[in-house]
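Chemist: A structural model of the following input is requested.
(4 chains)
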Number of protein chains: 2
Amino acid sequence: MTEEQEFLESYNPGEYAPVAVTVDVVALTIREGRLHVLLVERGGHPFAGWRALPGGFVQDESLDAAALRELAEETGLRPGEGVLDRVHVEQLRTYGNPGRDPRMRVISVAYLAFAPSLPDPRAGSDAAGAFWVPVEAAGELAFDHAAILADGLDRARSKLEYTPLATAFVESEFTIADLRAVYAAVWGEELHAGNFHRKVLSVPGFVESTGEIAVRGGERGGPKPKLYRAGDARLLHPALLRPAREDDVR
Amino acid sequence: MTEEQEFLESYNPGEYAPVAVTVDVVALTIREGRLHVLLVERGGHPFAGWRALPGGFVQDESLDAAALRELAEETGLRPGEGVLDRVHVEQLRTYGNPGRDPRMRVISVAYLAFAPSLPDPRAGSDAAGAFWVPVEAAGELAFDHAAILADGLDRARSKLEYTPLATAFVESEFTIADLRAVYAAVWGEELHAGNFHRKVLSVPGFVESTGEIAVRGGERGGPKPKLYRAGDARLLHPALLRPAREDDVR
DNA sequence: GTAGCTCATACTCACCCTGAGCACAACCTC
DNA sequence: GAGGTTGTGCTCAGGGTGAGTATGAGCTAC
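Modeler: Okay, here's the model as predicted:
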């Protein structure tokens, strides 16, 4: 008897049922001012033809590495090309209700990824079936993926409040207005430009000036804005709290 | 070929390696004004004789149910006795680095539990090996359990800020001072009694008055305080922010 | 019983942050 | 060039916070 069998049977004699572990990724980006999520169309059963979050089996790698690998595969981006380095990836939550996959017990470790506007997945690649969809238009998803997406959106909305996460959605040099557009897209509400400006500059380590100025103003007018890059803070103190909503509380 | 084998091999042909899924529980309580964590002493290899977080295999049940079951087994408490109903349990994070268990690939879904002061695990039961330890005295733990505990403490500290979680650490009727003692124990710092009092009563839904008064004052004097029970808020607005610490930011 | 310390609760005051509105000049499109 | 748009800065009122003080009820020790 191998040490492994001994291990399993000593804990749970005779009852051991096989389990599969997967990662599913809620990849978010902002395109044309709207929050988008990366979805794939399922080929095989069950839920053939349904949309689903990209994901797959965990191989001999860390969970974080599995999430990054899946993201790279589905977007057609290659690690080391620079684009993926700017993607923020974090673990979201693990979903493992019996029956969430009709075939067998599947434990799915969900990840959340935030990226600056990424290109459309290349049609020729193995990422052919993936596409960006505005989050409001995600519709019904396979398995419990709609719940996972909802949890991911909640997490994203609240992490904007107390972390500099918004900088992960913009290019490496950005304007305060770019940052404000991220908050507006994720929170779904406009922010007061003057107050936002004051707040962002007053939080230590949120952004730092590059000293440069954009080559042109906004598409519909306005002065050439100053450029910033992400600062070194990992938490925002004091936080940038979103206005209280009634249904947040109870 | 079963549907299950087909499923596995279609995704990951020939590479499928067995995986075990466990839950580990960071159970916290407050005893004598200090934050304690529930630990067990391991019998078998590896890490025989080391302390570890209580945990075990996930059976045919939800992950949440597995965590509650493990907690009940290790504390010797029986579900339905009322005590366990007041325990707050939430998922913390999933740990799955290859090599974290030398025997095989083990994915551990960690849970965080908060309870009012619980009795010592009964010596005669199957919970014989479990005991409460002040968190500062946890010392080295088996596997990556020290990191899990640290993550759990971080989560607990920050959840006190924006949720009424502190009420899960006290009896169903409590005084403002009881609540303040929870914050002091978890955050490791004293709070200004007057300001805390004002703040707790001003946050809608945090606590509600029972109209009663405690039968006696504090152990060392002072008036008989009013009694409160938990309100119906699930989030604190505005939050009860802990004083900024330098090392929080970066 | 009483002295002396402890505590729950309340009040005050200065300060900071926020939301809201206004100002202005630079900038775009037409 | 006209007219609308926008980045940036300012002001002002209101609310929340940290720190201090006050008061009287309540405990333990003697």
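
Chemist: Helices of chain A, residue ranges please.
Modeler: A:3-11, A:63-75, A:145-162, A:176-187, A:193-202, A:246-249 (DSSP state H).

Chemist: Show me what the strand ranked longest in chain A is packed against.
Modeler: Secondary structure of chain A read by DSSP state E shows that its longest strand is strand A:19-31. The contact analysis (3 or more C-beta pairs under 8 Å, 6 or more residues apart in numbering or on different chains; DSSP states H and E) places strand A:19-31 against strand A:34-41, strand A:55-57, helix A:63-75, strand A:105-115, helix A:145-162, helix A:176-187, strand B:19-31. Quick note: C-beta positions are derived from backbone N, CA and C, even for glycine.

Chemist: Rounded mean pLDDT for the longest one, please.
Modeler: For helix A:145-162, the mean per-residue pLDDT is 97.

Chemist: what comes up buried for that helix?
Modeler: By neighbour count with 16 or more other C-beta atoms under 10 Å in any protein chain shown, helix A:145-162 contains the buried residues A:145-146, A:148-149, A:151-153, A:155-156, A:158-162.

Chemist: what angle separates that helix from helix A:176-187?
Modeler: For helix A:145-162 against helix A:176-187, the angle by axes from the mean of the first three to the mean of the last three C-alpha atoms, to 10 degrees is 140 degrees.

Chemist: so where is chain A shaky, pLDDT-wise?
Modeler: A:1, A:7-16, A:79-81, A:122-128, A:245-250 (pLDDT under 70).

Chemist: Now for residue A:35: which residues touch it?
Modeler: Neighbour list for residue A:35: A:28-29, A:134-135, A:153, A:185-186 [criterion: C-beta atoms under 8 Å, 6 or more residues apart in numbering or on different chains].

Chemist: wait, I meant residue A:102
Modeler: Contacts of residue A:102 (C-beta under 8 Å, 6+ apart): residue A:46.

Chemist: where does it fall, phi/psi-wise?
Modeler: Residue A:102 has phi and psi values of phi -70, psi -10 when expressed as degrees, to the nearest 10.

Chemist: Just want to check the distance between it and residue A:143.
Modeler: 9 Å (C-beta to C-beta, to the nearest Å).

Chemist: Equivalent analysis for residue A:42, please.
Modeler: Distance from residue A:42 to residue A:143, by C-beta to C-beta: 9 Å.

Chemist: More neighbours: which of those two?
Modeler: residue A:143 (21 against 17; other C-beta atoms under 10 Å in any protein chain shown).

Chemist: Residue A:193 reaches residue A:181, doesn't it?
Modeler: No - using C-beta atoms under 8 Å, residue A:193 makes no contact with residue A:181, being 10.7 Å away.

Chemist: okay, these two: which has more neighbours?
Modeler: Remark: of residue A:193 and residue A:181, residue A:181 carries more neighbours, 20 against 11, as counted by other C-beta under 10 Å.

Chemist: Spatially nearest residue to that one (excluding sequence neighbours)?
Modeler: Nearest residue to residue A:181, sequence neighbours excluded (C-beta to C-beta, 6 or more residues apart in numbering or on different chains): residue A:33, at 5.9 Å.

Chemist: Just the buried residues of stretch A:185-197, please?
Modeler: A:185-187, A:191, A:196-197.

Chemist: Stretch A:101-121 now?
Modeler: For stretch A:101-121, by 16+ other C-beta under 10 Å, it's A:101, A:104-116, A:118, A:121.

Chemist: quick one, what contacts the most centrally placed residue in chain A?
Modeler: The residue lying closest to the centre of chain A (C-alpha atoms, centre = their mean) is residue A:113, at 2.7 Å. With contacts defined as C-beta under 8 Å, 6+ apart, residue A:113 is in contact with A:25-28, A:67, A:71, A:87-90.

Chemist: can you rerun that using 10 Å?
Modeler: A:25-29, A:37-38, A:54, A:67-68, A:70-71, A:75, A:84, A:87-90, A:92, A:152, A:168 (C-beta atoms under 10 Å, 6 or more residues apart in numbering or on different chains).

Chemist: Buried among these? Need that as a selection in ChimeraX.
Modeler: Typed into ChimeraX, the line below selects the buried ones among these, using 16+ other C-beta under 10 Å:
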select /A:25,26,27,28,29,37,38,54,67,68,70,71,75,84,87,88,89,92,152,168
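
Chemist: Residue A:114 and residue A:90 touch, don't they?
Modeler: Yes - at 8.5 Å, residue A:114 and residue A:90 qualify as touching, with contact defined as C-beta atoms under 10 Å.

Chemist: Which neighbours do those two have in common?
Modeler: A:159, A:165.

Chemist: thinking again about what came up before, which of the helices and strands packed on strand A:19-31 sits closest to residue B:203?
Modeler: Among the helices and strands packed on strand A:19-31, helix A:145-162 comes nearest to residue B:203, with 17.4 Å by C-beta to C-beta.

Chemist: which strands and helices sit next to the closest one?
Modeler: When contacts are defined as 3 or more C-beta pairs under 10 Å, 6 or more residues apart in numbering or on different chains; DSSP states H and E, helix A:145-162 sits against strand A:19-31, strand A:34-41, strand A:51-52, strand A:88-95, strand A:105-115, helix A:176-187, helix B:145-162.

Chemist: now with 6 Å?
Modeler: Counting contacts by 3 or more C-beta pairs under 6 Å, 6 or more residues apart in numbering or on different chains; DSSP states H and E, helix A:145-162 is packed against strand A:105-115, helix A:176-187.

Chemist: now the ones you listed in TSV, with distance to residue A:20?
Modeler: Listed next are the helices and strands packed on helix A:145-162 as TSV, based on distance: least, C-beta to C-beta, whole Å:
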stretch	distance to residue A:20
strand A:105-115	5
helix A:176-187	32
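
Chemist: among these, which is nearest residue A:21?
Modeler: strand A:105-115 (5.1 Å).

Chemist: Alpha carbons of the closest one, in CSV - could you do that?
Modeler: Written as CSV, here are the backbone C-alpha positions of strand A:105-115 (Å, rounded to 0.1, in the frame of the first residue of the first chain):
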residue,chain,number,x,y,z
ARG,A,105,-17.4,16.3,-7.7
VAL,A,106,-15.6,19.4,-9.0
ILE,A,107,-14.0,21.9,-6.7
SER,A,108,-13.4,25.2,-8.5
VAL,A,109,-11.0,27.8,-7.2
ALA,A,110,-12.2,31.1,-8.7
TYR,A,111,-9.8,33.9,-9.6
LEU,A,112,-10.3,37.5,-10.3
ALA,A,113,-8.1,39.2,-13.0
PHE,A,114,-8.0,42.9,-13.8
ALA,A,115,-6.3,44.1,-17.0
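
Chemist: got the contact list for residue A:182?
Modeler: A:166, A:169 (C-beta atoms under 6 Å, 6 or more residues apart in numbering or on different chains).

Chemist: redo that, cut-off 10 Å
Modeler: A:30, A:33, A:35, A:114, A:116, A:160, A:165-170, A:174 are the contacts of residue A:182 under C-beta under 10 Å, 6+ apart.

Chemist: Could you do residue A:169 as well?
Modeler: A:28-30, A:35, A:88, A:114-117, A:156, A:160, A:178-179, A:181-183, A:185-186.

Chemist: How is chain A partitioned into domains?
Modeler: A:16-160, A:163-249 (automatic domain parsing).

Chemist: Show me how far the shortest one is from its chain's centre.
Modeler: To tie it back to what came earlier, the one meant is domain A:163-249. 18 Å (C-alpha atoms, centre = their mean, to the nearest Å).

Chemist: Tell me, how many residues neighbour the closest residue to residue A:94 other than its chain neighbours?
Modeler: Spatial nearest neighbour of residue A:94, chain neighbours left out: residue B:94 (4.4 Å); criterion: C-beta to C-beta, 6+ apart. Residue B:94: 24 surrounding residues under other C-beta under 10 Å.

Chemist: Return the residues in contact with residue B:94.
Modeler: So residue B:94 contacts A:21, A:23, A:63, A:91-94, A:96, A:107-110, B:21, B:23, B:63, B:107-110 (C-beta under 10 Å, 6+ apart).
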